[in-house]
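Q: below are the sequence and a predicted model for it; my questions follow.
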Amino acid sequence: MTSNFINRISALDLHRWADQMHARAELPRLVRLLIHSVPGELVSIDMPAGEGIQRHGWDGIVESRVGNAWLPSGLTGWEMGVDKDPRRKASENYAARVSDALGLNPAQSCFVFVTPRNWPGKNRWLEEKKKQGEWREVRAYDAHDLEQWLEIASPAVNAWLSELMGKPVGDLRSVRDWWSGFCTSTDPSLTPSLVLAGRETARQKLSDWLDGSTHLLEVRGDSPVEVLAFIAAVLTTLPEPQRSSRQAQTLVVDSARASQSLLTVRDPLLLIMNSADLTAVGQLDQAGHRIVLPLGRNMGESDEALVLPRQPSREMAQALVSMGFSESKAEAGVRASGRSLLALQRKLSKAPALASPPWARPEVAGVLAAALLAGGWNDEIEGDRNVLETLSGRRYGEFSKSVGQWLHVPDAPLRRVGAVWRLVAPLDAWLLLGRFLSQDDLQTFRKVAMEVLGFPDPRFDLPFRKTVDG
């Protein structure tokens with residue numbers, strides 16, 4: 001059942017889509033997702049899409065213990081085409097498979113032909129082939145059939161196809177589209193290996209949760225966007241047929257209004273809540289949907305949450321090398337980004353000006369200037385508090401409250417662990433904020449640096465032997 005938040009796809013939309021260059025390669029993926037999105041008892045499905053359509057043989061072979069209105073029971077051989085003359089294409093495929101069924105037994109199998117075109121003579125063609133009695137069953141689906149199938153299919157399939165057709169989808173997106181937008185914003189494109197580097201345990205825990213029955217999972221990381229990228233990378237790298245099955249049932253929800261539109265969807269979905277609407281989460285849970293909440297590390301606490309570890313430098317660098325970077329550039333990139341996935345994404349962005357985070361603006365720079373100059377400090381050390389008061393020109397309580405608001409945003413510039421504050425990526429922060437520092441800021445910093453560095457170290461007042469022995 002389609003959400004009313006997604007524009008319905010009509011037979012005319014499908015007929016026009018057949019003229020697009022990618023339609024031939026993506027039609028098997030559409031059929032595969034449709035098969036996964038309706039109730040059934042699949043035994044196996046082999047239906048390559050994309051570059052896989054060049055493979056010789058059936059366009060798809062499916063086995064199901066129990067059939068439904070769209071999927072025959074038993075073994076089914078599938079052929080597909082986007083040709084403007086669907087009758088000719090269907091007849092050619094039918095004749096070829098009668099001549100060589102490529103391992104299927106026609107007397108015990110079903111032949112299915114699919115076209116996204118409008119095919120006025122489809123029923124007459126079907127009657128002719130059924131009379132020949134060469135297959136246990138013969139079916140044919142055209143644009144009007146696919147329109148009806150989409151009406152009962154998961155909203156995730158409709159969202160994916162709408163995105164493929166260039167139709168607006170509002171605040172509901174397929175996880176495939178979200179991932180594509182995230183990883184192709186850089187040059188080179190980010191890879192699942194980079195996002196998952198050093199996180200095998202967390203990856204396995206998420207996979208186990210997906211295979212379980214618990215309805216709600218909180219996943220915490222440096223930012224909700226980083227967490228969403230982790231979830232998408234896990235779903236993208238699942239083996240088939242699990243990958244298609246999950247993608248057929250998964251949506252990224254970007255607004256409370258979009259959440260409300262899913263309350264009437266009967267079939268359970270996997271919803272990644274990119275908008276934290278607690279009321280909607282409870283209602284969607286009651287409606288039978290499974291929900292993943294991507295959260296920042298500082299957004300509350302839960303013993304049941306899956307917490308993503310910070311990625312190790314070595315594993316991140318190795319992933320960058322596999323993307324084509326030299327070892328030295330990979331290591332430099334990890335250092336400059338402070339092991340922050342979003343800082344690294346920004347560094348590799350195709351449009352750096354557009355990738356600038358909200359905290360890298362002139363009106364915000366004044367608030368973060370002292371944090372930038374200090375680099376890090378400890379709340380519990382009086383000397384640190386005094387330095388921050390001097391650098392910011394404010395009482396420490398007022399300063400910490402001002403910079404604290406930037407702990408809880410995506411791509412946050414600061415990280416706080418207990419009483420210790422640090423810049424996430426110092427070099428990255430300097431490149432973004434350094435140009436906003438005034439001469440007064442730098443003079444104040446010079447004065448503070450001279451005072452701190454010029455303060456006698458008590459170790460050097462000790463006798464030489466005690467200094468050496470510690």
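A: Structure's in. What do you need? It should be emphasised that the depicted structure is a prediction, and the values quoted were computed from it without experimental measurement. Numbering: from 1, shown residues only.
Q: contacts, neighbours, all on C-alpha from now
A: Fine.
Q: all strands for the chain, in order.
A: 42-46, 60-64, 74-80, 109-114, 137-141, 172-174, 216-221, 250-253, 270-273, 290-296, 306-307, 376-378, 414-417, 420-423 (DSSP state E).
Q: counting contacts, what elements does the first one pack onto?
A: So the one you mean is strand 42-46. Under the contact criterion of 3 or more C-alpha pairs under 8 Å, 6 or more residues apart in numbering; DSSP states H and E, strand 42-46 touches strand 60-64.
Q: what comes into contact with the strand it packs on?
A: 28, 40-48, 71-79 (C-alpha atoms under 8 Å, 6 or more residues apart in numbering).
Q: got it, and stretch 117-129?
A: With C-alpha under 8 Å, 6+ apart, stretch 117-129 has contacts from 11-12, 14-16, 18, 82-84, 86-87, 138-140, 142-144.
Q: can you do 7 Å?
A: For stretch 117-129, contacts defined as C-alpha atoms under 7 Å, 6 or more residues apart in numbering pick out Leu14, His15, Ala18, Val82, Pro86, Val138, Arg139, Asp142, Ala143, His144.
Q: before we move on, what about stretch 356-369?
A: Contacts for stretch 356-369 (C-alpha under 7 Å, 6+ apart): Ser402, Val403, Asp411, Leu432, Leu433, Phe436, Leu437.
Q: sorry, back to before: of the contacts of strand 60-64, buried ones?
A: Among the contacts of strand 60-64, the ones that count as buried by 16 or more other C-alpha atoms under 10 Å are 28, 40, 42, 45-48, 71-79.
Q: in the stretch 201-350 of the chain, which spans are helices?
A: In the stretch 201-350 of the chain, the segments counted as helices under DSSP state H, counting those that start in this stretch are 224-236, 242-247, 256-261, 278-286, 313-322, 327-337, 341-347.
Q: make TSV from these and add distance to Leu126, mean pLDDT and mean neighbour count to it.
A: What follows is the helices of the stretch 201-350 of the chain, written out as TSV (distance: least, C-alpha to C-alpha, whole Å; pLDDT from 0 to 100; neighbours: other C-alpha atoms under 10 Å):
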stretch	distance to Leu126	mean pLDDT	mean neighbour count
helix 224-236	38	94	23
helix 242-247	30	92	19
helix 256-261	39	84	19
helix 278-286	43	82	16
helix 313-322	51	97	19
helix 327-337	59	93	18
helix 341-347	53	89	21
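Q: got those helices as JSON lines, with distance to Ser99 columns?
A: Formatted as JSON lines, the helices of the stretch 201-350 of the chain follow (distance: least, C-alpha to C-alpha, whole Å):
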{"stretch": "helix 224-236", "distance to Ser99": "38"}
{"stretch": "helix 242-247", "distance to Ser99": "31"}
{"stretch": "helix 256-261", "distance to Ser99": "49"}
{"stretch": "helix 278-286", "distance to Ser99": "51"}
{"stretch": "helix 313-322", "distance to Ser99": "46"}
{"stretch": "helix 327-337", "distance to Ser99": "55"}
{"stretch": "helix 341-347", "distance to Ser99": "53"}
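Q: what residue lies at the spatial centre of this structure?
A: By C-alpha atoms, centre = their mean, the chain has its centre lying nearest to Ala232, at 3.1 Å.
Q: how close does that one sit to Ser193?
A: 12 Å (C-alpha to C-alpha, to the nearest Å).
Q: likewise Leu442?
A: Relative to Ser193, Leu442 is positioned 41 Å away (C-alpha to C-alpha).
Q: looking at these two, which is more packed in?
A: Between Leu442 and Ser193, Ser193 has the larger neighbour count (other C-alpha atoms under 10 Å), namely 19 against 14.
Q: quick check: closest non-adjacent residue to the more buried one.
A: By the measure of C-alpha to C-alpha, 6 or more residues apart in numbering, the closest residue to Ser193 outside its immediate chain neighbours is Ala319, 6.0 Å from it.
Q: next one: Asp59
A: Glu79 (5.0 Å).
Q: same check, this time on Leu42
A: Ser64 (4.3 Å).
Q: who's that neighbour bridged to?
A: Leu42, Gly74 (DSSP bridges).
Q: that one: neighbour count?
A: 18.
Q: check Gln54 too.
A: 11.
Q: can you pull the pLDDT of it?
A: Here, the pLDDT recorded for Gln54 equals 91.
Q: how far away is it from Ala25?
A: The gap separating Gln54 from Ala25 is 9 Å, by C-alpha to C-alpha.
Q: what about the chain, any weak spots by pLDDT?
A: For the chain, applying pLDDT under 70 flags the ranges 1-6, 275-278, 298-301, 353-354, 455-470.
Q: again, 80 this time
A: Filtered on pLDDT under 80, the chain yields the residue ranges 1-7, 168-170, 275-279, 296-303, 352-355, 408-411, 425, 427, 453-470.
Q: contact partners for the nearest residue to Arg29 once chain neighbours are set aside?
A: Nearest non-adjacent residue to Arg29, counting by C-alpha to C-alpha, 6+ apart: Ala49, 5.3 Å away. Ala49 makes contact with Ala25, Glu26, Pro28, Arg29 under the criterion C-alpha under 7 Å, 6+ apart.
Q: returning to what we had before: just the contacts of stretch 117-129: which are in helices?
A: Leu14, His15, Pro86, Ala143, His144 (DSSP state H).
Q: Ser185: how many residues sit nearby?
A: Neighbour count for Ser185, taken as other C-alpha under 10 Å: 18.
Q: isn't it up against Lys347?
A: No: taking contacts as C-alpha atoms under 7 Å, Ser185 lies outside contact range of Lys347: 10.8 Å.
Q: burial count for Glu451?
A: Count around Glu451 with other C-alpha under 10 Å applied: 12.
Q: OK, contacts around Val334?
A: Ser313, Met316, Ala317.
Q: Ala248: which of those residues is nearest?
A: Met316 (30.3 Å; C-alpha to C-alpha).
Q: got a list of what that closest one touches?
A: Per C-alpha under 7 Å, 6+ apart, neighbours of Met316: Leu194, Ala197, Val334.
Q: if we use 10 Å, what do you get?
A: 193-198, 330-331, 333-334, 339-341 (C-alpha atoms under 10 Å, 6 or more residues apart in numbering).
Q: with Asp428 instead?
A: So Asp428 contacts Arg335, Ala336, Ser337, Gly338, Ala343, Leu344, Arg346, Lys347, Pro413, Gly434 (C-alpha under 10 Å, 6+ apart).
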